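A.B. asks: Dropping the sequence and predicted coords here.
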Amino acid sequence: MIATLRIGAIAICLAIGLFFTLVSMVGVIRLPDLFARAHTASQADTLGAGFTLAAVAIAIGPDSTAAKTVLLLFFIFVTNPTAAHAIVRAAYEEGIEPWTQGEDRR
Amino acid sequence: MTGNTTRLLVPVTRSRTLRNTVAYVIDEAIGAGTDSEPSVVHFVVLSGWRSDDPGSEDERADAEALLDRVTFWAELDLEEADAADATVQIETTIVGTEEYLFSPSDYARVLSKYAKEHKLERVIVDPEYSLVGHITLLGPLEFELAQADLTVEEAPVERPTRRSQFVGRTNAPRFLALFGGSFMFYQVLGGFSDLLGGGVFDIVTGAMTALIVAVVLSNVSFYRNPSVVDSPKRIVRGLIYAPYLLYEIFISNIAVARVVLDPRASIDPKMTKIRVFVGSGLPLVTLANSITLTPGTVTVRARNQELYVHSLLQASRDGLFDGGLERWVRFVFYGRSAARFPSPLERGDTEVLQGSAVDADNSGETDEVPMSDETEENT
């Protein structure tokens, strides 16, 4: 019973994680410009990685290794926005105008 | 000597060459001043805080103590030089308490404004002058001030060996905090097996590793001393903040996912500018990173106290202007009382930088405008 529940929880977390990673990928293709894509790229890093790591933690069980996945998530959460900010800021300083409603797709 | 430039502005901060700088300045002032037209010396402290920050009282007291000491030194030097009291006037002030100052250009702006108000013409800068932590701002500051038509010079005083820019001084609290942190991190990676199981291998290797880390890096890891009371409090409040941040991330992830997957939904990206009140350094970084972590908003620039945020949807803009994250960051760093703070929208610190005209064209609700005019007249 417990084992089934656990496998179910792992499956659900994995599915959600993969779903958000997929959404992120679709978004990168669909959205019009770099600034808009930056938003969706962070989805893969937050909930995508978050739920996948949660699945890993459940699979490992109450072990010190599970604590490492939490640490891993923490470091992703610190570094991901920094990288996203660096890219967007570089684009902004290059003088790229963010896309707004009513413009043609680039 | 320099004749007419007898009105001096001297920014001061705690530094090892401050004493000598004061001596040099007073010497200059005596040389240039006469009985009829006395030299004027303004010693100013540029504040790194805002006067309504919690805890700013301590910083103000600290700055005042520094100015008292500078005045004392200056008077001592005047006495020693046997100058008549009238030849040199000394003034001290703290400036910039109305706003957070971040970059050299901010400091320069405040300094040159002050200089203009008091008709000061010449700025003498302590060679070890630095404001934010241990980063020496002297170079950029001199450059900016020279742009503002002020004569700038560095006090030619003896200075101790030149340090590289990033490296600060280490001390016991910093060393211990870094040592403890690294040691605990090592134990977490090792699974606490030895610490709980009575073994020694992990403890010994952990201590050695932490020692190396602390010796090598404790001079670059902090820009102010960790405090025994505040730092753990901040960590605990940060842990309370984490679930809220995860919740926000979850909600906005769903909103963005909906827009990405739904072929009929349209996005409405706009650049916005928002003025935040969280203090420079780590609090600002935390807020900007939290904003970026939330899908739908990305921090593009952090300049002075203003964040340029690109937002994808109207909903994400509303959330941003509502200031939930800002309040939470204030809570994490300054405690519960600081979290009761009006939202950026209420303060009027928000601005949408792009495309209000495009918005009106696209919305197709041109009837809306006369309607709203009418209602205003009726009420």
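C.D. replies: Alright, I've got the coordinates.
A.B. asks: From here on, just use CA atoms for contacts and neighbour counts.
C.D. replies: OK.
A.B. asks: What is the burial count for residue 47?
C.D. replies: You didn't say which chain, so I picked chain A. A:Leu47: 24 surrounding residues under other Cα atoms under 10 Å in any protein chain shown.
A.B. asks: Switch to chain B, please.
C.D. replies: As a burial measure, B:Ser47 scores 22 neighbours (other Cα under 10 Å).
A.B. asks: Quick check: it touching B:Glu98?
C.D. replies: No: B:Ser47 is beyond contact range of B:Glu98, at 9.0 Å (criterion: Cα atoms under 8 Å).
A.B. asks: so how many other residues sit close to A:Ala66?
C.D. replies: 19.
A.B. asks: Please name the nearest non-neighbouring residue to it.
C.D. replies: For A:Ala66, ignoring the flanking residues on the chain, the nearest one in space by Cα to Cα, 6 or more residues apart in numbering or on different chains is A:Ala57 at 4.7 Å.
A.B. asks: Could you export stretch B:19-28 as CSV, CA atoms only?
C.D. replies: C-alpha atoms of stretch B:19-28 as CSV (Å, rounded to 0.1, in the frame of the first residue of the first chain):
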residue,chain,number,x,y,z
ARG,B,19,43.4,61.1,10.2
ASN,B,20,46.1,62.1,7.8
THR,B,21,43.5,63.4,5.3
VAL,B,22,42.0,65.7,7.9
ALA,B,23,45.4,67.0,8.7
TYR,B,24,46.1,67.7,5.0
VAL,B,25,42.7,69.4,4.5
ILE,B,26,43.2,71.7,7.5
ASP,B,27,46.7,72.5,6.4
GLU,B,28,45.3,73.5,2.9
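A.B. asks: list the buried ones in that stretch?
C.D. replies: For stretch B:19-28, burial by neighbour count (16 or more other Cα atoms under 10 Å in any protein chain shown) applies to B:Arg19, B:Asn20, B:Thr21, B:Val22, B:Ala23, B:Tyr24, B:Val25, B:Ile26, B:Glu28.
A.B. asks: same question, stretch A:84-97
C.D. replies: Neighbour-count burial for stretch A:84-97 [16+ other Cα under 10 Å]: A:Ala84, A:His85, A:Val88, A:Arg89, A:Ala91, A:Tyr92.
A.B. asks: Same question for stretch B:41-61.
C.D. replies: The neighbour-count check on stretch B:41-61 (16+ other Cα under 10 Å) flags B:41-51, B:56, B:60 as buried.
A.B. asks: Return the list of helices and strands in contact with the helix or strand containing B:Ser105.
C.D. replies: B:Ser105 belongs to helix B:104-117 when assigned by DSSP states H and E. Packing partners of helix B:104-117 (3 or more Cα pairs under 8 Å, 6 or more residues apart in numbering or on different chains; DSSP states H and E): helix B:138-147.
A.B. asks: How about the longest helix belonging to chain B and chain A, any contact?
C.D. replies: Across chain B, the longest stretch assigned as helix under DSSP state H is helix B:230-261. Yes: contact of helix B:230-261 with chain A (Cα under 8 Å from any Cα of the partner chain) involves B:Ile249, B:Phe250, B:Asn253, B:Val256, B:Ala257, B:Val260, B:Leu261.
A.B. asks: circling back to that earlier point, may I see the buried residues of stretch B:41-61 arranged in a markdown table, with distance to chain A and secondary structure as well?
C.D. replies: Compiled in a markdown table, those are given as follows (distance: Cα to the nearest Cα, whole Å; DSSP: H, G, I helix; E, B strand; the rest coil):
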| residue | distance to chain A | secondary structure |
| --- | --- | --- |
| B:Val41 | 41 | strand |
| B:His42 | 38 | strand |
| B:Phe43 | 37 | strand |
| B:Val44 | 34 | strand |
| B:Val45 | 32 | strand |
| B:Leu46 | 29 | strand |
| B:Ser47 | 28 | coil |
| B:Gly48 | 24 | coil |
| B:Trp49 | 25 | coil |
| B:Arg50 | 26 | coil |
| B:Ser51 | 30 | coil |
| B:Ser56 | 28 | helix |
| B:Arg60 | 33 | helix |
